[in-house]
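1. Make a model of this:
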Amino acid sequence: MAAAGQATVITASPSYEITDSGLIGRALGAATDVRWIDNERVVLIGAQADRYVEPEAGRKERQFRLFIWQPKRRHLVQHLDADIAMGSLCVFKDYVRLEYSSDYRLSPESKRVRVFEGTLGYEKVTPIDAAALEARRSHAQAVNPYTCKEYDVRALPKLGVRVSPLLDGEYLSKDREPTSGEVVHWKFWPRQGNPVLLKISPEVVGVAGYSRYLDSYILGEGPRHVVFSDSVVRRSWLLDHAAKITDFTPPSGPWMRGSTTVTPTKRGMFLTSHAVDVRSNGAAGGYLLTDGRLLRIIAGLPVSFDVSPDGCGVVLSIYDKTESKVAIPRIKSIDICSRGR
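-> Below is the predicted model of the structure:
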């Protein structure tokens, strides 16, 4: 595979090294498009600024492909020789699963969906046939977003009326469906030990993500009434495999004017905020909790982000709404362990 381009170091932050991949990201909704394989390599869906396809006369689309990026080495290579007109990416450690179609027309007759799946460097492409699509539609088959493996829904253990798999051997379940306005809490089933009811809030608390750095799940409230303001409190917790729960709630501030996501890093809590203004970044961006305060280390509207296993690298696909032209997401990385070097 030939090199697809060279990245450039940006000095926008005086404290942290920010590196630009040179690639454009997909629009909002592509929340898993950038993922760390290990502490050096990122697998991502991106487009080179000058690469387009023309699916129909007079219509151009950016040519999105799958890439492997090494921010520290400033090295970028294309990983799959196929266009990604639509697709979803799932990565767990060195296991990659890309479900995609290369048909930019997206017509029902020609929309052929394929799966590129396997250990990095040993993936295989297989088509999703009619039987597999029907199994998806009937909810007989599904993909675990934590392990990236497909599973048979009917083979899940009978732990309640609703069961969701997490990492291998761990589950969430609900004993019954709620009535109108009622809260029925999830139950966490660890690999070993007794299940734990996640009744740590009057609201429903569910798994919002997973941290490879701390090998823990990130829990978040699902409020019945969503409020955005400087003073709103959005509670979150960390849940380890022994079912120990630790508070992980960020401080309130202007970043709470939009939706937020939190995850642990080696330098503390990292928070992404969507609190943009109409014509500017507003309070949106990536923040790091330092000395009890959240400090913004990159401005913009994050589309997708991930933290490296060692907790030092953050990769983002992020819009900068201050760009003079129409803003598009750029894929960048931040070395949050670089401060003071």
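
2. show me where the protein has helices.
-> Assigned by DSSP state H, the helices in the chain fall at 130-137.

3. my guess is Pro195 meets Phe188, correct?
-> Yes: taking contacts as Cβ atoms under 8 Å, Pro195 lies within contact range of Phe188: 6.3 Å. Every C-beta, even on glycine, is put in place using the N, C-alpha and C of the backbone.

4. okay, the two: which has more neighbours?
-> Taking other Cβ atoms under 10 Å, Pro195 and Phe188 do not tie; Phe188 has more neighbours (22 against 16).

5. what's the more buried one in contact with, if anything?
-> 170-172, 195-198, 239, 243 (Cβ atoms under 8 Å, 6 or more residues apart in numbering).

6. hmm, try it at 7 Å
-> Counting by Cβ atoms under 7 Å, 6 or more residues apart in numbering, Phe188 makes contact with 172, 195-196, 198, 239, 243.

7. Which of those fall in strands?
-> Within the contacts of Phe188, residues falling in strands by DSSP state E are 172, 196, 239.

8. In JSON lines, list these along with pLDDT and distance to Tyr319.
-> Compiled in JSON lines, those are given as follows (pLDDT from 0 to 100; distance: Cβ to Cβ, whole Å):
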{"residue": "Leu172", "pLDDT": "97", "distance to Tyr319": "33"}
{"residue": "Val196", "pLDDT": "97", "distance to Tyr319": "39"}
{"residue": "Leu239", "pLDDT": "98", "distance to Tyr319": "31"}
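
9. Which one (most neighbours) among those?
-> When neighbours are taken as other Cβ under 10 Å, the top entry among those is Leu239 (24 neighbours).

10. partner residues bridging the nearest residue in space to that one that is not next to it in sequence?
-> Using Cβ to Cβ, 6 or more residues apart in numbering and skipping the chain neighbours, the partner closest in space to Leu239 is Tyr217 (4.4 Å). Tyr217 has these beta-bridge partners by DSSP bridges: Tyr210, Leu239.

11. Please look at Tyr217 and Val205 and confirm they touch.
-> No: under the criterion of Cβ atoms under 7 Å, Tyr217 makes no contact with Val205, lying 10.8 Å away.

12. follow-up on the earlier one: which residues does the residue nearest to Leu239 contact?
-> 166, 207, 210, 239.

13. Now flag whichever of those residues is closest to Gly25.
-> Nearest to Gly25 among those, counting by Cβ to Cβ, is Tyr210 at 21.6 Å.

14. Give me the pLDDT for the residue of the chain most remote from its centre.
-> Farthest-out residue of the chain from its mean C-alpha position, per Cα atoms, centre = their mean: Ala57, at 34.4 Å. pLDDT, Ala57: 84.

15. Quick one: end-to-end distance for stretch 191-206.
-> Start and end residues of stretch 191-206 are separated by 18 Å (Cα to Cα, to the nearest Å).

16. Stretch 277-284 now?
-> Terminal residues of stretch 277-284 lie 8 Å apart, using Cα to Cα.

17. List the contacts of it.
-> Contacts of stretch 277-284 (Cβ under 7 Å, 6+ apart): 254-255, 257-258, 273-276, 299-301, 320-322.

18. 10 Å instead?
-> By Cβ atoms under 10 Å, 6 or more residues apart in numbering, the residues outside stretch 277-284 that reach it are 230, 253-260, 272-276, 294, 296, 298-302, 318-322, 327.

19. What's opposite the spatially closest residue to Ala49 that is not a sequence neighbour in the beta bridge?
-> Distances taken as Cβ to Cβ, 6+ apart place Ile24 nearest to Ala49, at 6.0 Å, with adjacent residues excluded. Ile24 has these beta-bridge partners by DSSP bridges: Ala47, Arg330.

20. next one: the one 10 residues further on
-> When assigned by DSSP bridges, Val34 has beta-bridge partners Leu44.

21. how close does it sit to Ile84?
-> Separation of Val34 from Ile84 (Cβ to Cβ, to the nearest Å): 14 Å.

22. residue ranges with poor pLDDT in the stretch 201-341 of the chain?
-> Low-confidence segments of the stretch 201-341 of the chain, defined by pLDDT under 70: 324, 340-341.

23. same thing but 90
-> For the stretch 201-341 of the chain, applying pLDDT under 90 flags the ranges 222-227, 278-279, 290-293, 321-327, 338-341.

24. residue ranges of the strands in it, please?
-> Secondary structure of the stretch 201-341 of the chain (DSSP state E, counting those that start in this stretch): strands at 204-211, 216-222, 236-239, 245-247, 260-265, 268-273, 285-290, 293-299, 301-307, 313-319, 330-335.

25. could I have the second one exported to PDB, CA atoms only?
-> Just to be clear, that refers to strand 216-222. The C-alpha trace of strand 216-222 is given here as PDB (Å, rounded to 0.1, in the frame of the first residue of the first chain):
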ATOM      1  CA  SER A 216     -14.300   0.200  32.300                       C
ATOM      2  CA  TYR A 217     -17.700   1.100  31.000                       C
ATOM      3  CA  ILE A 218     -18.800   4.700  31.000                       C
ATOM      4  CA  LEU A 219     -22.400   5.100  32.400                       C
ATOM      5  CA  GLY A 220     -24.700   8.000  31.700                       C
ATOM      6  CA  GLU A 221     -28.200   9.200  32.600                       C
ATOM      7  CA  GLY A 222     -31.000   9.100  30.100                       C
END
